[in-house]
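Trainee: 3D, please:
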Amino acid sequence: MAGAIQTYLLAERPESETSRLFVVAKGPTRGHPLKPAGLRTIFRYHRITSGVLGGHPHALRHTFGTALAEAGVDIAVMQALLGHEHIDTTARYIHLAPVYVKAEFDAARNRQRHQG
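Mentor: Numbering: from 1, shown residues only. Next up is the predicted model:
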């Protein structure tokens, strides 16, 4: 994955002032941060042209969250990376994770509940 991102940064990503990874590639907003609606448009285009009707941007978010959980990433780090305000929201990504990750999540959730 790191190689694909490196290729994107070196060969495909337009020049931009933003620190966001993904930016608009064409048109009058070229170089501006890619917005959710733009990402949905890209997915829709590729679903139509490929004939693969499944696959939506939010699935990437779930895949990322599940991969973090399966890798044993600390639940607070997962919460920050996923941008969740409440740690319970992060729990949605734990259901596919190994038992030890779920145990860590439960412990972190209990600590947060007792803090405030």
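Trainee: From Pro33, how far out is Phe22?
Mentor: Distance, Phe22 to Pro33, by C-beta to C-beta, to the nearest Å: 7 Å. In this view, the C-beta of every residue, glycine as well, is placed from N, C-alpha and C.
Trainee: swap that for His86, please
Mentor: Taking C-beta to C-beta, one finds His86 at 25 Å from Pro33.
Trainee: Neighbour count for those two, which is higher?
Mentor: For the pair His86 and Pro33, the greater number of neighbours falls to Pro33 (14 against 10), based on other C-beta atoms under 10 Å.
Trainee: give the contact list for the more buried one.
Mentor: By C-beta atoms under 8 Å, 6 or more residues apart in numbering, the residues touching Pro33 are Thr18, Arg20, Phe22, Val23, Val24.
Trainee: Buried by neighbour count, from those residues: which ones?
Mentor: Buried members of these, counted by 16 or more other C-beta atoms under 10 Å: Phe22, Val23, Val24.
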